[in-house]
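**Q** Have a look; sequence and predicted model below, questions after that.
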Amino acid sequence: MSAFGRGFRNRHPLVLIAAAFLLVPALLGFEWLFTSGAWTVVPLDTALRNPEDSFTYVSWQVGRARQDKPDMPGLYLVGGSSARESIVSGDALAAEIEGLGGPRVAVYNLGSINQNFAESLSVLESAPDTPAWLLLGVNLGRFTATREENAEQGQGREFLLKSDAVRSFVSSRWGLEKYQFTILPGIWAYVTDWMRKHGGSLLDGRTPSTEYELHRYSEKTRRSDGHKRRLVKRWNTSRKPVFERNRVANLQMLEELLRKVRERGVNVVLLELPLNKEIVKDAFVSSQRKYKIPVAKLADEYGYPYIDLNETVDIPSRDFQDLSHLIAPGRVIWQHALARELVPLLNAAESGGSGG
């Protein structure tokens with residue numbers, strides 16, 4: 001046996017301590033690859049685990065922006081899958097804003113499935129320190145995540161983004177993740193899952209390549225109006241109690257997000273996400289009031305606009321997949337209305353006025 005082999009198997013406490021001193025910097029260096037965005041030298045199509053891997057997509061886009069800072073204000077749309085499906089694309093919204101007389105902006109569509117406010121906060125904290133706007137999508141679904149689900153972002157789950165603000169908040173306010181100081185658990189979960197999906201390709205000498213599907217819904221997948229009405233009843237019987245249990249905790253996390261946004265000097269627009277009013281009608285009004293009133297109060301307190309395009313834009317049920325996800329025709333309508341709302345806000349900020 002070699003001297004190296006004998007040393008590796010030596011269980012003397014001093015040897016173990018020395019090994020730990022060597023291991024810790026190595027692990028922190030590995031974490032730095034992700035927190036700095038350096039890992040995005042790996043192409044997006046290689047990094048993705050599957051075509052619908054919105055967690056990796058958001059993580060990669062934010063990391064890439066850190067490495068290659070936009071030379072114009074960044075506009076980050078965050079929210080759940082309803083936010084993701086609400087616009088044609090980031091580039092399309094940017095072009096429409098400029099076409100309507102607004103400034104040049106780099107728009108990032110960072111909506112992802114069931115995104116909670118802790119994940120949105122991690123996006124804010126990890127975005128490059130350049131002029132930026134946060135389009136902060138809200139709807140009923142944003143207030144259903146549990147404390148534990150929010151707290152998981154402190155470990156880098158589901159986004160490979162580090163947020164000291166999330167970790168500090170969930171530890172001090174909710175007593176969760178008190179001893180979690182790195183996102184290595186999330187990184188390890190991602191790497192092992194990636195290897196499970198693509199390890200075979202590597203063994204065969206092939207570089208994995210997966211095209212990201214930004215939009216999941218179309219006329220082919222659209223639910224019938226009868227199915228949509230059943231979804232309304234299902235939400236009020238099964239999801240409403242979840243909303244009631246978790247509403248307050250999510251309002252707390254939202255307020256922490258707004259506080260950090262103000263510290264960072266980022267402009268914010270609070271944005272109600274699309275709702276199929278033709279089908280829903282007044283079925284959700286009582287629940288909506290329970291988050292809309294405090295959100296409006298927070299918006300007023302922090303000086304940020306709170307926009308509800310559902311009050312001014314008439315999108316028929318045929319342009320919705322279900323109750324909250326738009327399909328192609330609806331995205332065009334919503335994106336145009338959103339651009340028209342954003343242009344005066346962006347121009348005011350460009351000219352030195354208040355963006356909020």
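**A** Sure thing, it's come through.
**Q** measure the closest residue to Pro316 other than its chain neighbours to Tyr57 for me?
**A** In this structure, Pro316 finds its nearest non-sequential neighbour in Glu278, 5.9 Å apart by CB to CB, 6 or more residues apart in numbering. Bear in mind the C-beta positions are built from the backbone N, C-alpha and C, glycine included. Per CB to CB, to the nearest Å, Glu278 is found 31 Å from Tyr57.
**Q** Asn267 now?
**A** 24 Å.
**Q** Over to Arg64?
**A** The value you get for Arg64 to Tyr57, if CB to CB is used, is 11 Å.
**Q** likewise Ile113?
**A** 11 Å.
**Q** Could you do Ser286 as well?
**A** 35 Å.
**Q** quick one on the thing from earlier: anything in contact with each of Arg64 and Tyr57?
**A** Residues touching both Arg64 and Tyr57 (CB atoms under 8 Å, 6 or more residues apart in numbering) are Leu44.
**Q** So, low pLDDT: which residues of the protein?
**A** In the predicted model, the chain carries pLDDT under 70 at residues 1-28, 353-356.
**Q** okay, Ile113 and Tyr57: which has more neighbours?
**A** Of the pair Ile113 and Tyr57, Tyr57 is the one with more neighbours under other CB atoms under 10 Å, namely 23 against 14.
**Q** Hmm, Arg49 and the more buried one touching each other?
**A** No: assessed by CB atoms under 8 Å, Tyr57 is found out of contact with Arg49, at 10.1 Å.
**Q** Quick one: classify Val269 as helix, strand or coil.
**A** strand (DSSP: H, G, I helix; E, B strand; the rest coil).
**Q** Could I get the buried residue list for the helix or strand Glu96 falls within?
**A** According to DSSP states H and E, Glu96 maps onto helix 90-99. Buried residues in helix 90-99, counted by 16 or more other CB atoms under 10 Å: Gly90, Ala92, Leu93, Ala94, Glu96, Ile97.
**Q** quick check, nearest of these to Gln153?
**A** Proximity of those to Gln153 (CB to CB) peaks at Gly90, which lies at 22.5 Å.
**Q** OK, contacts around the closest one?
**A** Here Gly90 is in contact with Leu75, Leu77, Ala106, Val107, Tyr108, Asn109 (criterion: CB under 8 Å, 6+ apart).
**Q** go with 6 Å
**A** Val107, Tyr108, Asn109 (CB atoms under 6 Å, 6 or more residues apart in numbering).
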